[in-house]
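> Give me a 3D structure for the following:
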Amino acid sequence: MKKKQMIQPGRKGLILWTMTIVVLVYGVFVYFPIFYGLFTSLFTWNPFRDLFTFVGLANYVSILQRPEFWHACVITVVFTAGSLLLTVSFGLLLAAFLQNTKKGVAFYRGVYFLPVISSAVATSMLWRFIFNYDNGLLNALLMDLGLSKVPWLQNSHLAVVMLMVVEAWKDVGYALVLILAGMNNIDGGIYESAAIDGCSKPRQFFAITLPLLRNTMTILLITKLIDYMQIYTPIKFMTEGGPGTSTQTIAFYIFDQAFTYYNFGSASAVSFVLFLIIFVLSMIQIRLGRKGEEI
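Alright, predicted model coming up:
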């Protein structure tokens, strides 16, 4: 018979105090702002005009009737879809090349992961310099080759694409590390059996690797979906929502409402609409992942 290990009274008290402190800190810095934001979304709130008037659901009705809000939704969806496609595609491609590489894997993972841990503000300013129309590095290179300069960030359609490229460049290392970790958990005997049966490397990748990476890909898609739906920093420091409003995402629209027009109640309402959108999309992705496992 194994003896049950008893927790000493002093240690038990320390554990309870530690858990209480963690819950309090988490409540103050996580749950309180969430519930306070939900509370303020029911008010017309402008602290600079001493305005705090209860309006109920009027903020939600108002934002759903604004064309600029729906325009921001469209830009956010386009940016998210494009960035996810680029990040996941290049992450899979690089992981496929490195899967059977024996030497230098740690070095390449570190190189590709470096942008992930770099300052978003610093990298955004760097890319803004590279894409600068008059003095940018990319246009200078094009002119040296005898080509015309390209308005990378001045063209409304091209600016969105460049933001996708920059975000994919920053996150491809995260996708690579996650996918490689998933590949390392696949039993090597499966590949050996497939090779004996005459299955080529590309066919092994699509018939074995991708199906067995389903859980890894679900995690990757959900985490990046949440990030891209809330994208703000590259837009702020590269395009400032322009040209016009062509790169104004929902997160940028929230910032505009709060700190340009000082309509904090409306900004809170948009924040919770964004939360609901992300929640629904995440649930759909999880449900699709579970259905794939059942097949």
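> Give the other helices and strands that the longest helix seen in the chain contacts.
As assigned by DSSP state H, the longest helix anywhere in the chain is helix 67-99. Packing partners of helix 67-99 (3 or more C-beta pairs under 8 Å, 6 or more residues apart in numbering; DSSP states H and E): helix 105-117, helix 156-184, helix 214-229, helix 250-259. Placement of C-beta: from N, CA and C, glycine included.
> Please compute how far it lies from its chain's middle.
How far helix 67-99 lies from its chain's middle: 9 Å, per C-alpha atoms, centre = their mean, to the nearest Å.
> Next, the buried residues of it.
69, 72-73, 75-77, 79-80, 82-84, 86-88, 90-92, 94-96, 98-99 (16 or more other C-beta atoms under 10 Å).
> Next: stretch 126-138.
L126, W127, R128, I130, F131, N132, G136, L138.
> Check the gap between the fourth one and P151 for me.
Between I130 and P151 the computed distance is 14 Å (C-beta to C-beta, to the nearest Å).
> what does the last one give?
Using C-beta to C-beta, we find L138 at a distance of 11 Å from P151.
> what does the model give the most centrally placed residue in the chain for pLDDT?
By C-alpha atoms, centre = their mean, the mean C-alpha position of the chain lies nearest to D227, the distance being 1.9 Å. Looking at D227, its pLDDT stands at 93.
> Please name the residues that touch the nearest residue to it once chain neighbours are set aside.
Closest residue in space to D227, ignoring its immediate chain neighbours: D171 at 7.5 Å, by C-beta to C-beta, 6 or more residues apart in numbering. By C-beta atoms under 8 Å, 6 or more residues apart in numbering, the residues touching D171 are S83, T87, P115, V116, K224, D227.
> ok, so of these, who is nearest L16?
D227 (35.9 Å; C-beta to C-beta).
> For G110, see how far away the closest one is.
Counting by C-beta to C-beta, the gap from D227 to G110 is 21 Å.
> go on, A251?
According to C-beta to C-beta, A251 and G110 sit 30 Å apart.
> more neighbours, these two?
A251 (21 against 11; other C-beta atoms under 10 Å).
> pretty sure that one contacts I277?
No: look at A251 against I277 with C-beta atoms under 8 Å: they stay out of range, at 11.6 Å.
> Now the common contact residues for the two.
In contact with both A251 and I277: M229, using C-beta under 8 Å, 6+ apart.
> Tell me the spacing between V161 and L57.
Counting by C-beta to C-beta - V161 and L57 are separated by 37 Å.
> These two: which is more packed in?
V161 (15 against 10).
> Skipping its backbone neighbours, what lies nearest that one in space?
G82 (7.2 Å).
> V61 is nearest to which of the helices and strands packed on helix 67-99?
helix 250-259 (15.2 Å).
> The closest one - contacts with which helices or strands?
For helix 250-259, the packing partners by 3+ C-beta pairs under 8 Å, 6+ apart are helix 67-99, helix 233-238, helix 264-294.
> Take those and lay them out in a markdown table including mean pLDDT and distance to I190.
Below are those laid out as a markdown table (pLDDT from 0 to 100; distance: least, C-beta to C-beta, whole Å):
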| stretch | mean pLDDT | distance to I190 |
| --- | --- | --- |
| helix 67-99 | 93 | 13 |
| helix 233-238 | 94 | 40 |
| helix 264-294 | 84 | 17 |
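> Which among the ones you listed is found nearest to Q257?
Of all these, helix 264-294 comes closest under C-beta to C-beta, at 4.1 Å.
> Now that closest one: buried residues?
Burial within helix 264-294, assessed by neighbour count using 16+ other C-beta under 10 Å, is assigned to 264-271, 273-274, 278, 281-282, 285, 289.
> cool, and stretch 197-207?
Going by neighbour count (16+ other C-beta under 10 Å), the buried part of stretch 197-207 is Q204, F205.
> ok, residues contacting that stretch?
Contacts of stretch 197-207 (C-beta under 8 Å, 6+ apart): A96, Y191, A194, A195, I208.
> can you rerun that using 7 Å?
A96, Y191, A194 (C-beta atoms under 7 Å, 6 or more residues apart in numbering).
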